[in-house]
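Enquirer: sharing a model that was predicted from the sequence below.
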Amino acid sequence: MKKILWVKFGWSEYYRGGPVDGNFGWLNENKGKKNEGRGHEAFNFNPSPDGTYYCYVPPQASAYAPYNDDPNGWTVICLAKNPKHTGVHIVGWYEDATLHGEWLDLPDGLIKKRGDTAHSAYDWSYCISSKAAYFVPPGNRIMPFSDPSVRQGKYSFLKGPSVDANENKRRVLELLNSRLKAMTPVAIQNPNEGSLPDPELDGTDPLNGFGTPEHRKRVELAAELAVIEYYKRKGYAYERVTHLPCGYDFVFTKGRSVRHVEVKGTSSPTPRFFITRNEYVKGLESNPVWRLAMVTSALSEAPSIVEYDVLQLRRVFDLEPYVYIGKFIPKPES
């Protein structure tokens, strides 16, 4: 029998020790304190040296952790709410997981591996473990949903031994199954430090986790060629201005129509891009004819292109700083 439950915990970008946000007891109680943002679930997708994932789930009702008399072999669908938006997202899932039914201390070796000397082992507890995990990167969490039963709980059993199926459970199970089917191609299996993008892993190249420089260049060139053909079919002439610090890559003209187009491409089917400060300031903030051409599946035989003006871009995408540069400020001589 297939065994499935969902669990819900705080929101984190990578679940490898970074900040956690959410409306949960521990996080609310520690706001403004040294533990702020240090939710127990901070490492939910960070493997131990032997490849085990230890998952924390906030307590539900009378401090109960999820448990079943048949505790092994569960598929655990992990949900979290982005505090900036409505709806809940699937952030990953575990296969063949074990439900311990209580909060256990992490192995001492894992505590030391994380370099956390300011907290006791109790501070990093877990109630589910598994050696098979799938992680959905933050850029691919684009399918939020809302359901009353999910909104109110911390976990719920959907299918398995002693689980009474009702209309609510069947509805949520069907919804989550459709989401998993859509997200499986972009999920990272058994995530680790080598497979997850994170700018803090390589300060010399913050984009290293998103492909090698050679790969990114191939994507960039393929995206530009796709956009050129896209506008040529619409009757536009073009001029390449990538060598100029103007905040866009091409000038496309057709009669009186002029568009200053910045091209962004990804080999993934999920739209995601990085934008420089120059592109942001000279494009989004000050140029009414600026456009962004987003190319997905850029290396495929049929890349997809969507054009956004400034208002559309701000409505569809979150634009957040990804990397900061610290510059020394010299003091004037007295």
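Expert: Arrived safely, thanks for sending.
Enquirer: ok, for residue 259, nearest residue in space, not its chain neighbours?
Expert: Taking CB to CB, 6 or more residues apart in numbering as the measure, residue 259 lies nearest to residue 252, with 4.7 Å between them; neighbours along the chain are not counted. The way it works is simple: take the backbone N, C-alpha and C, and place the C-beta from them, glycine included.
Enquirer: buried ones in the helix or strand hosting the one you found?
Expert: Secondary structure assignment for residue 252, by DSSP states H and E: strand 250-254. Of the residues in strand 250-254, those buried by neighbour count under the rule 16 or more other CB atoms under 10 Å are 250-252.
Enquirer: re earlier: how much space separates the residue nearest to residue 259 from residue 227?
Expert: Relative to residue 227, residue 252 is positioned 9 Å away (criterion: CB to CB, to the nearest Å).
Enquirer: ok, residue 159 next?
Expert: Relative to residue 227, residue 159 is positioned 46 Å away (criterion: CB to CB).
Enquirer: surely residue 9 is in contact with residue 42?
Expert: No: using CB atoms under 8 Å, residue 9 is not in contact with residue 42, being 9.7 Å away.
Enquirer: more neighbours: which of the two?
Expert: Just comparing residue 9 and residue 42: by other CB atoms under 10 Å the higher neighbour count belongs to residue 9, 26 against 23.
Enquirer: so what's the closest residue to the more buried one other than its chain neighbours up against?
Expert: Once its chain neighbours are removed from consideration, residue 9 has its nearest residue in residue 41; the separation is 4.1 Å (CB to CB, 6+ apart). Listed by CB atoms under 8 Å, 6 or more residues apart in numbering, the contact set of residue 41 reads 9-10, 12, 15, 20, 55-58.
Enquirer: could I get the pLDDT score of the residue most central in space within the chain?
Expert: Closest residue to the average C-alpha location of the chain: residue 138 at 0.7 Å, with CA atoms, centre = their mean. At residue 138, the predicted lDDT confidence score is 85.
Enquirer: can I assume residue 246 sits in a helix?
Expert: No: when the secondary structure is assigned by DSSP: H, G, I helix; E, B strand; the rest coil, residue 246 falls in coil instead of a helix.
Enquirer: lowest average confidence across helices and strands of the chain, where is it?
Expert: Between all helices and strands in the chain, the lowest mean by mean pLDDT, DSSP states H and E belongs to helix 25-29, at a mean of 59.
Enquirer: that older thread, which of the contacts of residue 41 fall within strands?
Expert: Within the contacts of residue 41, residues falling in strands by DSSP state E are residue 55.
Enquirer: closest to residue 186 out of the contacts of residue 41?
Expert: The closest of those to residue 186 turns out to be residue 15 (CB to CB; 16.3 Å).
Enquirer: the closest one and residue 273, how far apart?
Expert: According to CB to CB, residue 15 and residue 273 sit 23 Å apart.
Enquirer: settle it for me: which of those two has more neighbours?
Expert: Just comparing residue 15 and residue 273: by other CB under 10 Å the higher neighbour count belongs to residue 15, 27 against 19.
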